[in-house]
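Trainee: sequence and predicted model, in that order:
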Amino acid sequence: MKIYKFLFVLFLAITFNTFSQTPTDYLDKEFHKSRREALRAKMPANSVAVVFANPLRNRANDVDYVFHQNPNFYYLTGYREPNGVLVLFSENQTNEEGTTYNEILYVQKRDARAEQWNGKRLGVEGAKNELGFKVAMNAEEFINTNIDFKKFDRIFIEKFNDDYRNSTRERAEIYDLVLSFKEKAAYNPKNFLSPLKKQIYEMVKATPIENSANVAQIIGRAVAYDPSLKNDTDLIQYKEATSDKVKKDLQQKISLKLDAKTNIDVSFLSSNLATLREVKTAAELKLLTKAVRISAIGQVEVMKAMKPHMSETELQGIHEFVYKKYGAEYEGYPSIVGAGNNGCILHYIENNKTKVGNDLVLMDLGAEYRGYTADVTRTIPANGKFTKEQKAIYKIVFEAQEAGIAAYKIGESMAKPNQIARQIANEGLYKLGIIKSVDERHPYFPHGTSHHIGLDVHDPGNYGNFEENMVVTMEPGIYIPEGSNCDKKWWGIGIRIEDDILVTKNGPVNLSAEAPRTVKEIEKMMAKKSVLNDFVLPNLDN
């Protein structure tokens, strides 16, 4: 009998360990609580913030895309499922039972059938125990809530993109939750304005009709920047009007819309969460640094494995295999592997060239680890050796990056690295005869060099001055596509070097330094033996 009891206990222990072997290094509930408290401290009296989880999105027929949480929602809650709502109050509330609270998390309810198909749900008790919410409810209770949103002076929400389906899988999907909120809060998109639209409306209102041509030009540029403004018929008609009377009538209509009152604000959350998210905590830095190192090691393994007969897809697969080997759940963004002229396409994600040949290969990839995303780019020669022309362009990009990184200092303007890099790039291109003067406007350096990373690959931020514990990319790039207005020997060379830089009191720290950057270091690494050299699969074409 004792032996059976021993075996049963052993079975339970093995079973428990098997099912409990899931990641344990996510951010803890205290982190998310501290983020809610930091946001609440910025909220004015008698205000409420309402933040929605991301919806499931359909891929094809009855197959959905892999779910990815709204980063702001995750930042504030730690909840990794769809169909959730966070309601955050500026002051304590008291319910009918006398319970005092200042936040409510609404989550998907437990459902045995749904969980059999798609995995266990956290549920109300999980939201309380694992996420630390004092008050948590099933999402459908948000539809029936008696919260009087109209009593608040300010309601803070994120801009609705209205890009989710109205399906019948759940009674309380995001579509239903958003619709319910809009009804309860008397939401009317005509009653509030985006910051850009508000600025233009104020300009129309304040500008005398005789000067309206200047405003019309500004509206034209604004529409090019934000195409959604095309839907504003009054604004477009004002831009195109030739009659002063028509302009005056439209000016009055726009002034009335500008003066319309609403307690709904779509800019507060994006602005303040950007401020919070651009400086990382110690817990965030631990996860982000791991994501970056995984991505850098992926670059190293591809350097060793790359051969001219390989395809872009195969090289992408090696990177992503390394990510999975380290336990990174996803890629932070679609992987970019572009050989030759494909490397001159900034967001090239087809990755379908069947042989990289002797081209340069630009590889811009980043692992997502526990929600945090790296962004690391290396450009290397498929045959292991840079040509003279490739070296010349690479040298310019490398020098631009080095000089830019040196400017990642606390208190320095975040615009400075880009300015430095562009100047160095122009001087280098001029010396090579690719441009005719150092001040020439040209298409060979088409993007900026610096953006925050974190829960998003392009993490939000206000882009003022560098602060301690920001993590910001430095990614100069020169791209000379086929058909460019220069000597043909430069055609098809696209080079970007991108690293993830931590700003510290002691100067910048390159978190992705494990991936070689110099010509000499890259060629040396590419000469090493790869563990994948002997990994040969059957030929399926026979």
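Mentor: In hand now; what should we look at?

Trainee: neighbouring contacts of the helix or strand encompassing residue 106?
Mentor: Residue 106 is part of strand 100-107 when elements are defined by DSSP states H and E. Strand 100-107 has contacts (C-beta atoms under 8 Å, 6 or more residues apart in numbering) with 36, 40, 77, 79, 81, 83-95, 121-124, 126-127, 131, 133-139, 141-142, 177. From N, CA and C alone the C-beta is placed, and that goes for glycine too.

Trainee: just the buried residues of that strand, please?
Mentor: 102, 103, 104, 105, 106, 107 (16 or more other C-beta atoms under 10 Å).

Trainee: please apply the same query to stretch 194-203.
Mentor: For stretch 194-203, burial by neighbour count (16+ other C-beta under 10 Å) applies to 197, 200, 201.

Trainee: hang on, the last one is in a strand, isn't it?
Mentor: No - in this structure, residue 201 is helix, not part of a strand, as judged by DSSP: H, G, I helix; E, B strand; the rest coil.

Trainee: ok, which stretches of the stretch 301-450 of the chain are strands?
Mentor: In the stretch 301-450 of the chain, the segments counted as strands under DSSP state E, counting those that start in this stretch are 330-331, 336-339, 360-365, 367-369, 372-373, 376-381.

Trainee: save these as CSV, and put in mean pLDDT and mean neighbour count too.
Mentor: Below are the strands of the stretch 301-450 of the chain laid out as CSV (pLDDT from 0 to 100; neighbours: other C-beta atoms under 10 Å):
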stretch, mean pLDDT, mean neighbour count
strand 330-331, 96, 18
strand 336-339, 98, 27
strand 360-365, 98, 27
strand 367-369, 98, 26
strand 372-373, 98, 28
strand 376-381, 98, 25
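
Trainee: for residue 488, which of those strands is the nearest?
Mentor: Residue 488 sits nearest to strand 360-365 of all these, at 15.7 Å, using C-beta to C-beta.

Trainee: the closest one relative to strand 376-381, how many degrees between them?
Mentor: Strand 360-365 and strand 376-381 meet at an angle of 160 degrees, taking axes from the mean of the first three to the mean of the last three C-alpha atoms, to 10 degrees as the criterion.

Trainee: and strand 360-365, which strands flank it?
Mentor: Using DSSP bridges, the strands paired with strand 360-365 in its sheet are strand 336-339 (antiparallel), strand 376-381 (antiparallel).

Trainee: on the three-state scheme, residue 141 is what?
Mentor: State at residue 141, reduced to three classes by three-state DSSP: helix.

Trainee: okay, it and residue 36: tell me how far apart.
Mentor: 20 Å (C-beta to C-beta, to the nearest Å).

Trainee: tell me which of those two has more neighbours.
Mentor: Shown here are residue 141 and residue 36; by other C-beta atoms under 10 Å, residue 36 has more neighbours (21 against 16).

Trainee: I'd say the more buried one and residue 88 touch.
Mentor: Yes - Residue 36 is within contact range of residue 88, at 6.1 Å (criterion: C-beta atoms under 8 Å).

Trainee: overlap of the contact sets of these two?
Mentor: Common contacts of residue 36 and residue 88 (C-beta under 8 Å, 6+ apart): 76, 103.

Trainee: mind listing what's buried in stretch 477-493?
Mentor: Residues 477, 478, 479, 480, 481, 484, 486, 490, 491, 492, 493 are the ones in stretch 477-493 that count as buried (16+ other C-beta under 10 Å).

Trainee: I'd like the mean pLDDT over it, please.
Mentor: Averaging pLDDT along stretch 477-493 yields 97.

Trainee: residue numbering should commence at 41 henceforth.
Mentor: Yep, numbering from 41; the last one is stretch 517-533 now.

Trainee: for residue 539, what is the enclosing helix or strand?
Mentor: Going by DSSP H and E, residue 539 is in strand 539-544.

Trainee: ok, now residue 245?
Mentor: helix 235-246.

Trainee: what's the helix or strand following that helix in contact with?
Mentor: Note on helix 235-246: by DSSP H and E, the next helix or strand toward the C-terminus is helix 252-265. Identification of contacts with helix 252-265 by C-beta under 8 Å, 6+ apart yields 236, 240, 243-244, 247, 269-270, 275-276, 278-281, 287.

Trainee: please name whichever of the residues you listed scores lowest on pLDDT.
Mentor: Per-residue pLDDT puts residue 236 lowest of the contacts of helix 252-265, at 85.

Trainee: residue 102: neighbouring residues, count only.
Mentor: 6.

Trainee: quick check: it vs residue 116, distance?
Mentor: Going from residue 102 to residue 116 by C-beta to C-beta gives 32 Å.

Trainee: quick one: strands adjacent to the strand holding residue 146?
Mentor: By DSSP bridges, strand 140-147 pairs with strand 125-134 (antiparallel), strand 176-178 (parallel).

Trainee: and the ones you listed as TSV, adding mean pLDDT?
Mentor: Below are the strands paired with strand 140-147 laid out as TSV (pLDDT from 0 to 100):
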stretch	mean pLDDT
strand 125-134	96
strand 176-178	97
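
Trainee: closest to residue 468 out of these?
Mentor: Across the strands paired with strand 140-147, closest to residue 468 is strand 125-134 (C-beta to C-beta), at 49.4 Å.
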